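> The amino acid sequence is not available; the structure is as follows:
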């Protein structure tokens, strides 16, 4: 079955450390997205990529970085510059034909 | 920039009662999508509306897109405990590739 895989599901890191969240899709979707969700809040866009080797900042890109070297993969790095990194991170993908976004199951990052 | 607001933020209903959430955009949308996120889960795509005044139904769920394409609603008839979750709208404007998600409405259904 096609879908999006995010790993790990839970991640704990010490303050000041960079951490990379994995996102892989086998849906052959061109576009991929990273969202952040805080408790009881909506989804805020961090970065998005419409094609390989190209990506754009979303609304809250500061302290994050991404790469899109392959169509299937869109990893997100949470850097030490991100002031409040503890959150639920969701990766999504879409195509013009698919209609809606397909979301991964998310990664809960806790920085201590 | 474009903003998408939803009301109410929270709604508690008795099982069997109806429920409606409203979505309002600051700009005209080319289309709008609705998602459901169960507690502890991830958003799941429900439907997309494209035409002005469009109405679509999925069993007990009725989705509407406003005539001006700046607002939308989701109505659930006779709620069930399986309807619990947060419902998000996401609006798309012409000339952009991304959707702006609304703030969400968290629904609790009391048995």
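Cool, the structure landed. Quick caveat, the model's predicted, so the values are computed rather than measured.

> contacting residues around residue A:37?
With contacts defined as Cβ atoms under 8 Å, 6 or more residues apart in numbering or on different chains, residue A:37 is in contact with A:43, A:44, A:87, A:88, A:89, A:90, A:106. Quick note: C-beta positions are derived from backbone N, CA and C, even for glycine.

> what pairs with it across the strands?
Using DSSP bridges, the beta-bridge partners of residue A:37 come out as residue A:43, residue A:88.

> I'd like the distance between it and residue A:58.
Taken as Cβ to Cβ, to the nearest Å, the spacing of residue A:37 relative to residue A:58 amounts to 13 Å.

> I'd like to know how far the residue nearest to residue B:19 when sequence neighbours are not counted sits from residue B:24.
Computed as Cβ to Cβ, 6 or more residues apart in numbering or on different chains, the closest residue to residue B:19 that is not its neighbour in sequence is residue B:76, at 4.5 Å. Distance check for residue B:76 against residue B:24: by Cβ to Cβ, it reads 19 Å.

> hey, what's in contact with both of residue A:37 and residue A:58?
Contact with both residue A:37 and residue A:58 is made by residues residue A:44, according to Cβ under 8 Å, 6+ apart.

> quick one, phi psi at the closest residue to residue B:49 other than its chain neighbours?
Leaving out its chain neighbours, the residue that sits closest to residue B:49 by Cβ to Cβ, 6+ apart is residue B:65, at 3.9 Å. The phi and psi torsions at residue B:65 (degrees, to the nearest 10) take the values phi -120, psi 130.

> Many thanks, have a good one.
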